[in-house]
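[1] pasting the sequence and the predicted coordinates here, then a few questions.
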Amino acid sequence: MIDLRLLREDPDSVRASQRARGEDPGIVDALLAADVRRREAQTSYGDLRNAQKQLGARIGPLTATVKQAPDDQAREAAQVELDAVMAQAQTLATQVKSLDAMLADAEVEATALAGALSNLVDPGAPVGGEEDFLILEHVGSPRDFGAEGFVPRDHVELGELLGAIDVERGAKVSGSRFYYLTGVGALLELALINHAVAMATGNGFTPMIPPALVKPAAMEGTGFLGQAAENVYRLEADDMYLVGTAEVPLAAYHSDEILDAATLPRRYVGWSPSYRREAGSHGKDTRGIFRVHWFDKVEMFTYVDPAETVAEHARLLAWEKEYLDSLELAYRVIDVASGDLGASAARKFDIEAWIPSHGGYREVTSTSNCTEFQARRLKVRMRDEHGVRPLATLNGTLVAVPRIIVAILENHQRPDGSVAVPAALRPFLGGRESFSPV
RNA sequence: GGAGGCGUCGCCUAGUCCGGUCGAUGGCGCCCGCCUGCUAAGCGGGUUGGGGUCUUAAAGCCCCUCGGGGGUUCAAAUCCCCCCGCCUCCGCCA
């Protein structure tokens, strides 16, 4: 949710943001109108309720008088007054009831519209669609297999040779876009995760293993039930959702809480499975484990003072780079364009690693500055000397396992089909320096 | 899955049987002031959150908020129904 005060004071900037996203700016006017209706309804409801309360306050004592009056005359007088007041109160009650219903409607309408509005785009983000990202930097350069005189294998082939990945049986058991990590593949995942968690913990993060199944409020609050809803798995029988990222349970962790500003920033690193329906990506990246319905991921999630978001976003990006550097991968950093931001993000930086079999850079991590958007929806607030107000949340991938496995296998392969283990990973693999065909 | 108990403003807690004087008791914590060489103790006051209105702003005023949602009633923390969560016991099961 965005700040409604801003919406009232400067609707143009909200409209501009909607346009930059390629979303309907008309919703702004609908929301403004609904907001006015809501406030008007509340004012008249308040007046009526107040009158009702004042009448009610007379009924109690009058009833007592009728019961305890010393003589018939006094009792009768009180009874007459009581009847009159009761008659008024009953009329008023009817009015209150109908106005109450109106107010509820107005609130539901305004809340629904406010919830449908995406976050305000950071003015620094490049404007445009998926293709309009800005390349911020390149780190390392793609390995030149031609110069080395061999034709690289892709990760599917390498995975088979090494006994690391079994996509065929994944499909047999669970369908397309599923896989088994086997043998060294399974060990590699554990090493990647341990390495990521160790690094984040060293950087002051609190390690977390959150639930991957959440209630609707958590999903809604993080902004995944809007345009992204078609990519979310829902368990019909239980009205629960499988999360697509640990961001969801980590953001909802402090929902309905007021955090002392002195305890910020709060940094969590969560390891969880991620489930994605991948609706609308039929035929895209169908080979191997680059795009799958389920994978494990280590995600950083931080709660900060809204004034800190830009600096924190830079830190998250730096930690992501630190991790990829340690794996000796070539990558580039892009500033994602306005039209390609998720509903919650004001700004997003993706890191794309060089993937030899794709002949290009492909997304392996993503860090978003969600400003106060998620915090408002999830009611996560902070208290400082200025009072209580929403804080800001940010998230960033440390490792999305299958994509990093793809990158490692393909980039660190040797002509004989073996794969060199990056030095940083060796301590997590019992000192192992390479994987060899089985 | 069965039986029972519970959910009150940071924490603990009174109130619920018998509806109004309860936006709600008391303690702890916290904040402000007073007092005292300092500290502790003591004294006085304040301390849920949200929305609206007014205002440059604050104060003020109004509404909502006793796990959530409905209902009964002139009036609900209190009565009724549904849901959620926690605890205990039984059953089942990693």
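    Sure thing, it's come through.

[2] ok, now which ones touch A:Leu316?
    The neighbours of A:Leu316, taking C-beta atoms under 8 Å, 6 or more residues apart in numbering as the test, are A:300, A:302, A:367, A:394-396. All C-beta spots, glycine's among them, are computed from the backbone N, C-alpha and C.

[3] drop anything exposed from these.
    Applying a neighbour-count criterion of 16 or more other C-beta atoms under 10 Å, the buried members of these are A:300, A:302, A:367, A:394-396.

[4] can you tell me which two in those residues are farthest apart?
    Of all pairs drawn from the buried ones among the contacts of A:Leu316, the greatest distance, 10.1 Å, lies between A:Thr302 and A:Thr367 (C-beta to C-beta).

[5] what residues do the two have in common as contacts?
    Applying C-beta under 8 Å, 6+ apart, one finds that A:Thr302 and A:Thr367 are jointly contacted by A:316, A:394-395.

[6] going by distance to RNA strand B, which of the residues you listed wins?
    A:Leu394 (21.7 Å; C-beta to the nearest atom of the strand).

[7] where does the stretch 101-250 of chain A get nearest to RNA strand B, residue-wise?
    Nearest residue of the stretch 101-250 of chain A to RNA strand B, counting by C-beta to the nearest atom of the strand: A:Ala104, 6.1 Å away.

[8] can you name the residues of the stretch 101-250 of chain A sitting close to RNA strand B?
    A:Ala104 (C-beta under 7 Å from any atom of the strand).

[9] would you map the strands across the stretch 101-250 of chain A?
    Per DSSP state E, counting those that start in this stretch, the stretch 101-250 of chain A carries strands over the ranges A:134-139, A:165-166, A:180-181, A:206-208, A:213-214, A:233-235, A:240-242.

[10] quick one: closest of these to A:Gly359.
    Ranking the strands of the stretch 101-250 of chain A by proximity to A:Gly359 (C-beta to C-beta) places strand A:134-139 first, at 15.8 Å.

[11] what pairs with that closest one, parallel or antiparallel?
    Sheet pairing here is set by DSSP bridges, and for strand A:134-139 it gives strand A:331-335 (antiparallel).

[12] with pLDDT added, can I get the buried ones among the contacts of A:Leu316 in a markdown table?
    Compiled in a markdown table, these are given as follows (pLDDT from 0 to 100):
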| residue | pLDDT |
| --- | --- |
| A:Met300 | 97 |
| A:Thr302 | 95 |
| A:Thr367 | 97 |
| A:Leu394 | 96 |
| A:Asn395 | 97 |
| A:Gly396 | 97 |
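
[13] hey, where'd the helices end up in the stretch 301-438 of chain A?
    Along the stretch 301-438 of chain A, the stretches classed as helices by DSSP state H, counting those that start in this stretch are A:309-326, A:373-378, A:401-411.

[14] chain center to the biggest helix by length in chain A: distance?
    When chain A is scanned for its longest helix (criterion: DSSP state H), the result is helix A:72-116. The chain centroid and the centroid of helix A:72-116 are separated by 42 Å, computed with C-alpha atoms, centre = their mean, to the nearest Å.

[15] tell me the helices and strands packed up against it.
    In this structure, helix A:72-116 packs against helix A:26-68, with contacts taken as 3 or more C-beta pairs under 8 Å, 6 or more residues apart in numbering; DSSP states H and E.

[16] since that was my last question, I'll sign off now.
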